[in-house]
Each structure stands twice: as C-alpha cells, then as structure tokens.
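[1] Structural data only, the sequence is not supplied:
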C-alpha cells in the first residue's frame, strides 16, 4: 500500500467539533479494539474517527503494536496524521472551553468572595484558584488571536462580545475587591508597631486581593494605588529586617532555611564552608534554623509561649520529631534564629534530652543506605491553634556502612529519658478520690496493678440535664502509675467519671475509661518529684 497520499492530505484534514475525519485511499484489516472500532482501523478503511481523545490514544497504541508486523506501514506517516489530529482536537477543546467560560463569566465573578482570603485558612490560595475560572485576560488574548481563524473566528467574536457585556459586572466585582483589600490594609497598618511578620503576611494577602481585582478590571485606579502602597510597605519591612531580625549577612542569605553541619556553628559567626549537604551516620549533627521574624512572632499570636518543633522527614514520611518551649521572658523569644542538635556531640550530655532522644531514635530506625532527609522547624502556640513554618532544609544522610554508633546513642538517650521520667504535678489534690482512681484502674486493667494516681485537671467538668438542669455527673482526667505484669512501670492517662447522687450532694465511686496514652517510668521514681 502506497501511503504517499497520506502525507499530502495530512495538512488538509477536516475536523468537526464531534469527530475527526481521517482520509486515505488505502484499505486495511477490520479489527475490534476494546469494544469499538479503533481510529487506526477507521483510518485504514477511509472512515471517520469519532472516538475523541480516547480513540486517538488507541490509534497511537495500534501504530506501536503494528510496527514490524505490517510491512506496508510507514509509522512516520501514521504519526504525522495523529499529530495533526491531536493538535486540531486540542484547538477545538480550547475553543469550547473559552466560549463556555466567557458565557458563564458573570456567574464566576459573582461567586468570588475576597473576604474569604483574610478570614479563612488558605483563603488566598482558594481565591487564586477561583480567579483562574474567570481568566478575563486569557479569554481576551485567545479571542484576539483567533478572530481571523477559519473555524474559530465566529467563536472568538462571540467571546469578545461576552466580555464586553460583562464589563459592568467585572467593574462591580473589582470595586468589591477594593473594599475588601482596603479594609484589610487598615488592619495591616496596626501590625506595624508590633510584628514584622503579621505586617508582611497581611500585605501579601492584600496584594492577592488587589491582583485579583486588577485581573477583572485592569484599569481600576484605586486598586492600582493600593497595590503601590502595599509594595512600598513590603520594601520598608525588608529594610527593618536588615536592622532588627537578620543577625548577619549569612542569616539574610539563608532566611527560611535550615543548614546542617558536623560542628557547632555560632550564630553571627558562622563559617559558611562548614555547612554540609551530606553527612555520615554517627557524625555529630547540628541544625541552624534562620527565620524571617523573631521566634515570638512566628506563633502568629503575639506575646504567648512559643513551641518550637523539629521534624525529620523522608519524602512524605515522618522519621522523627521533637519540640521545646520558648517563654516570652527567654532571650531566644526575640531572636530570628535557633540552633539544635540532631545527633548530639555527646549522647550522655545532649543539649536537649527529649529532642535528641526522638531524633536519634528516628535516625536509628532508617534502613541501611543513602537517605534524602528534610528537616523542618515550625513555631506554634502551645495549643497549636496558630503558627508557621519557620525554616526548612534538606541533606543526604548515609548509613550504608553501618548504624551501630547511632543505635548505641539511641539506647543511651532512652535510658536518660527513663531516668528523668516522673509523674506529672497534680492540678487538684483529693486523697480519697485518688484512692478511688487507683482502685478502679487496678480492677479494669487485667492484672496490671495501679500504684498512684494524680488528678491532672484543675477543675471538674459537670454534666447536667438539658431540660431540668439537674446535675448528672462530673468528670476529670488523671495520670496513673501502673506496674505491669512483666514488672515494668508506666504512667497512663485516664478519663474518670462520677455519677451524681442526691442532686449532686454526693457522688458515686469513680470509674475510669480506656487510657489514651502512656509513657515508661522507673518504678522507684513513681513518688519522686
């Protein structure tokens, strides 16, 4: 079969909205593919291909399948036709998409709510996604480019007409965006005296709203002025960071990054050459985290205790994590950096016992080989209601030649943690109630013996009848030291409840639910502070 005619026809193929016409003078075998005739076979038979993208995919697969078995086939010619068909199908898809979007433009704009950007988590990201549906500039660009297109010209004119008719709606939406951005910007101004980070974040949220409004009405004068003001404030913030946050040029260069080294690096006096991209298992390992704001501001809630957490991850899997507390009275609270040990210089004397224990335990759990680890430092409030990612970094960790040193260090640290473990301090003291908790836990824990109970809630939680107000019960939480059947001890956390008697004048003996967490403790340390 001579396919020279196929090449000549490839540039003259006619494509409808619902089908692709593939013409040839050739003939070929008739095959059934996945329940319908393939574009490949229709092509050989000089028939229509009406299976859309799925059919074109099958067409391509059939070309590959028949290579070497059909002596009359010229794969390059088949592929030329396929390429032309795909290009035309894509063009038609684009035309239908732009036409549909332009006709629904008012609906897209009406559902945009710029206030979500400043009131809901992730609101700015959602606003950006919504604006993609109302891509006015993109629709106009497509229409202008296709006005003289032989097939898409009529659609392009219709799109431009839709855009013209939508102008009042777009202007109203841009006005709404301006009102939202201006109101938020007035709040941003109040942050300037207290927080660089909140001012920075607020300005960026304002800019998302402003840019959204300008995408709907590019010549909106008020939005343009607000954009210039917000960008000027951001530039001023960068100058303030140089004076108050960045401890050194190295800090500025590495803001929002974690850098690791096998030797302790003093902040402000770092040796840039000492930081590593790859380390071997068992080497001392330090992390230096550099932030764009003081630790106390990274909580996103000013003046409250900060929890600084370190996470080690491989891909999306958490390897280890740990945290420490920074009080507002600590010097670290006002710093824009922190240092920490990932693998301590001396496992018997780590700078932060619980952090080192968790991180080294995670390193010891890794299979032999080379691992790309991500270290992320987050700062948040104690209840984790607000906070931010302060810095991230990656490094290669190689334990392919053995992990014995890391495993030994993990055992040392685990013993130190066990030595340091104590019962929590009581928030309420009631010897009779504590005795009841010990009795009920011993009864329910299948042979484990409860030794001591501590009430960890500062007050009772009361449950009353919704209609009458009569007291039904009171509850609280307690930590209980338990000696297991194997002789080891641990502290478990229990929810405890007492039913009310005589209208709340008395209470039934305490009953404990299932415990929700535990940690090991040496039996001889149960009564130690």
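    Nice, thanks for sending it over. Computed from a prediction, not measured in an experiment: that's the story for all the values here. Residues are numbered from 1 along each chain as shown.
[2] which SS class is residue 211?
    Look at residue 211: counting by DSSP: H, G, I helix; E, B strand; the rest coil, its state is helix.
[3] Check the contact between it and residue 226; I expect there is one.
    No. Using C-beta atoms under 8 Å, residue 211 makes no contact with residue 226, being 10.6 Å away. Quick note: C-beta positions are derived from backbone N, CA and C, even for glycine.
[4] So these two - more neighbours on which side?
    Neighbours were counted for residue 211 and for residue 226 using other C-beta atoms under 10 Å; residue 226 has more, 22 against 16.
[5] tell me the secondary structure for that one?
    helix.
[6] For it, give its distance to residue 125.
    For residue 226, the distance to residue 125 equals 21 Å [C-beta to C-beta, to the nearest Å].
[7] same check, this time on residue 247
    32 Å.
[8] Tell me which of the two has more neighbours.
    residue 247 (15 against 11).
[9] Name all residues that make contact with that one.
    By C-beta atoms under 8 Å, 6 or more residues apart in numbering, the contact list for residue 247 reads 267-268, 335-337.
[10] And for residue 211?
    Per C-beta under 8 Å, 6+ apart, neighbours of residue 211: residue 227.
[11] do that again at 10 Å, thanks
    127-128, 131, 177, 181, 223, 227 (C-beta atoms under 10 Å, 6 or more residues apart in numbering).
[12] ok, residue 126 touching residue 118?
    No. Contact criterion C-beta atoms under 10 Å: residue 126 and residue 118 do not qualify, at 11.9 Å.
[13] Compare these two and say which is more crowded by neighbours.
    A count of neighbours by other C-beta under 10 Å puts residue 118 above the other of residue 126 and residue 118, at 21 against 15.
[14] Now that one: closest residue in space, sequence neighbours ignored.
    residue 184 (4.7 Å; C-beta to C-beta, 6 or more residues apart in numbering).
[15] for this structure, what are the low-confidence residue spans?
    1-54, 66-75, 444-445 (pLDDT under 70).
[16] Centre of the chain to the longest helix along it, how far?
    Secondary structure of the chain per DSSP state H: the longest helix is helix 75-103. Averaging C-alpha positions (C-alpha atoms, centre = their mean, to the nearest Å) puts helix 75-103 35 Å from its chain's average.
[17] Stretch 232-247 now?
    27 Å.
[18] SS state for residue 500?
    strand.
[19] check contacts around it.
    Per C-beta under 10 Å, 6+ apart, neighbours of residue 500: 462-464, 470-474, 506-508.
[20] Nearest to residue 199 among the residues you listed?
    For those, the minimum distance to residue 199 (C-beta to C-beta) is 43.8 Å, reached by residue 462.
[21] what about the nearest residue to the closest one once chain neighbours are set aside, neighbour count?
    Nearest non-adjacent residue to residue 462, counting by C-beta to C-beta, 6+ apart: residue 474, 5.1 Å away. Burial of residue 474 is recorded as 18 neighbouring residues (other C-beta under 10 Å).
[22] who's residue 474 bridged to?
    Bridge pairing for residue 474 (DSSP bridges) gives the partners residue 462, residue 498.
[23] One more: residue 392?
    According to DSSP bridges, beta-bridge pairing links residue 392 with residue 257, residue 376.
[24] Test my guess that it contacts residue 260.
    No. Using C-beta under 10 Å, residue 392 makes no contact with residue 260, being 11.8 Å away.
[25] Which one of these two is surrounded by more residues?
    Between residue 392 and residue 260, residue 260 has the larger neighbour count (other C-beta under 10 Å), namely 23 against 16.
[26] residues contacting that one?
    Residue 260 touches 274-279, 285-288, 342-343, 373, 375, 393-395, 397, counting by C-beta under 10 Å, 6+ apart.
[27] Equivalent analysis for residue 455, please.
    Contacts of residue 455 by C-beta under 10 Å, 6+ apart are 424, 426-430, 433-434, 437, 476-479, 496.
[28] try 8 Å
    426-430, 433-434, 437, 476-478.
[29] Write the ChimeraX selection for whichever of the contacts of residue 211 are buried.
    Selection command for ChimeraX covering only the buried members of these, criterion 16 or more other C-beta atoms under 10 Å:
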select :127,131,177,181,223,227
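[30] can you redo the contacts of residue 211 as CSV with secondary structure?
    CSV is the format used below for the contacts of residue 211 (three-state DSSP):
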residue, secondary structure
127, helix
128, helix
131, helix
177, helix
181, helix
223, helix
227, helix
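[31] Format the contacts of residue 211 as a markdown table; extra columns: distance to residue 418.
    Below are the contacts of residue 211 laid out as a markdown table (distance: C-beta to C-beta, whole Å):
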| residue | distance to residue 418 |
| --- | --- |
| 127 | 51 |
| 128 | 50 |
| 131 | 56 |
| 177 | 59 |
| 181 | 56 |
| 223 | 62 |
| 227 | 58 |
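[32] Can you tell me which of the contacts of residue 211 is nearest residue 512?
    Closest to residue 512, out of all of the contacts of residue 211 and judged by C-beta to C-beta, is residue 127, at 48.7 Å.
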